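Q: what's the 3D shape of this:
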Amino acid sequence: MADLPIHTIVFEILTRLPAKDVGRSKSVCKQWYALLSTQDFVRIHCSRSLVSSNQRVLLINDLTCSVRPIISKSNDYKPRSIVTFPFHHQNNDVSILSHLNGLLCVCLNHTYELLLWNPTTTAFKRLSTPDSHGFYINNLDAVGLYVDADDDYKVLHIKRRSGVLGVYVYSREVDSWRNIPFITRQEYLSPHFNWSAGTFCGGTLYFTVCECWLGGTKRVICFDVNSEQFKEISFPPVPSIGMVQGVLVNVKNVLHMFASTGMFEMTIDLWTLQGDYWIKVLSCPPIPPISLSLWCDITHYVTNGNWFVMTKLGKLFTIEMDMKPFECFYPVSWFRGFKGAVFVQTIVSPSI
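A: From the prediction side, this is the model:
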């Protein structure tokens with residue numbers, strides 16, 4: 001090791017360490033601290049950390065949260081570790097709005113403030129400003145976290161306030177907000193439309209926009225993060241009978257959607273976006289009747305080649321992609337909280 005060039009040690013060896021070990025390595029000497037803090041090192045380390053074995057499930061309880069690794073072979077969890085929030089908060093106060101490369105964009109419900117937080121390093125950054133930027137109102141606003149071609153982490157915040165709309169971008173690089181135009185149908189910014197959180201994929205942020213779950217207009221809004229232009233594309237051609245919900249997810253930089261349809265029985269179809277058109281890749285068998293509140297809270301993520309269908313209220317299902325449709329959908333575990341996210345452990349900082 002002593003004969004290796006320092007550049008090889010840092011960029012070929014240390015970039016492969018777990019995030020917490022990188023933090024410990026910074027204390028070796030001033031030279032290592034400086035090299036391990038550069039944006040080049042952080043970028044390379046992040047790219048090598050985005051593997052399924054590095055995924056963690058974060059679950060928020062009333063005053064604390066827990067982090068659990070996923071045991072991929074059994075779809076179970078290893079023993080949890082308790083994470084203390086590094087910022088002041090109240091009981092049942094923290095909501096996760098978006099996440100990317102180990103960073104979480106969260107809202108403090110009692111103050112409406114937006115924060116960027118890395119639960120691995122515990123570093124956080126408040127995004128609120130005295131001129132009313134960085135404050136989030138549930139059911140009115142939409143948020144998406146992304147990184148542009150210059151490796152600048154940004155937050156897109158769509159605000160709806162008493163008929164007045166605003167679209168703003170926060171830049172980590174310059175630590176400020178600015179307004180951008182919204183170039184698509186203005187009616188989508190009406191409170192009658194429900195916006196999902198943004199899903200970042202292939203240089204674009206995607207949002208589902210639904211007039212209501214039962215009938216009504218349903219579209220996908222696309223925001224090109226480099227040109228900062230909006231456009232809209234169609235929803236997958238799912239049956240309009242009953243309720244319809246679409247949840248977007250990025251898999252290996254390809255956008256997918258779980259489209260849930262039905263009323264007394266729910267069917268989940270998996271679609272992938274090719275160009276501006278949706279292609280169906282999987283149909284799941286109907287799910288027996290469940291409560292409406294549970295039906296509307298289904299979210300999704302993927303690890304180790306399997307799709308997981310997770311309800312915010314607790315229940316977890318898995319879809320094994322190599323099995324026949326009628327064999328592939330079954331419950332596998334339970335969560336112990338109703339708010340959480342799946343993230344990877346990185347050293348990406350919420351501030352420069």
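Q: so where do the strands sit in the stretch 51-200 of the chain?
A: Residue ranges of the strands in the stretch 51-200 of the chain, as given by DSSP state E, counting those that start in this stretch, are 55-60, 65-71, 76-77, 81-83, 94-100, 103-108, 113-117, 124-126, 142-147, 153-161, 164-171, 176-179, 194-195, 199-201.
Q: Which neighbours in the sheet does the last one have, and how are they oriented?
A: Spelled out, it's strand 199-201. Applying DSSP bridges, strand 199-201 is found paired with strand 204-210 (antiparallel).
Q: Repeat that for the fifth one.
A: Within its sheet, strand 94-100 is paired with strand 103-108 (antiparallel), according to DSSP bridges.
Q: Show me how far the partner strand is from its chain's centre.
A: 10 Å (C-alpha atoms, centre = their mean, to the nearest Å).
Q: Can you list the buried residues in stretch 259-266?
A: Along stretch 259-266, these residues count as buried under the neighbour rule (16 or more other C-beta atoms under 10 Å): 259-262, 266. The way it works is simple: take the backbone N, C-alpha and C, and place the C-beta from them, glycine included.
Q: ok, of those residues, which one's closest to residue 343?
A: residue 260 (23.7 Å; C-beta to C-beta).
Q: would the closest one count as being in a helix?
A: No - assigned with DSSP: H, G, I helix; E, B strand; the rest coil, residue 260 falls outside any helix and is strand.
Q: what helices or strands is the longest helix that the chain contains leaning on?
A: The helix spanning the most residues in the chain, taking DSSP state H as the definition, is helix 39-49. When contacts are defined as 3 or more C-beta pairs under 8 Å, 6 or more residues apart in numbering; DSSP states H and E, helix 39-49 packs onto helix 19-25.
Q: chain center to the helix or strand just after the helix it packs on, what's the gap?
A: Note on helix 19-25: by DSSP states H and E, the next helix or strand toward the C-terminus is helix 30-36. A distance of 31 Å separates the centroid of the chain from that of helix 30-36, by C-alpha atoms, centre = their mean.
Q: packing partners for helix 30-36?
A: Helix 30-36 packs on helix 19-25, going by 3+ C-beta pairs under 8 Å, 6+ apart.
Q: quick check: mean pLDDT across the helix it packs on?
A: Mean per-residue pLDDT for helix 19-25: 89.
Q: Please consider this matter closed, and thank you.
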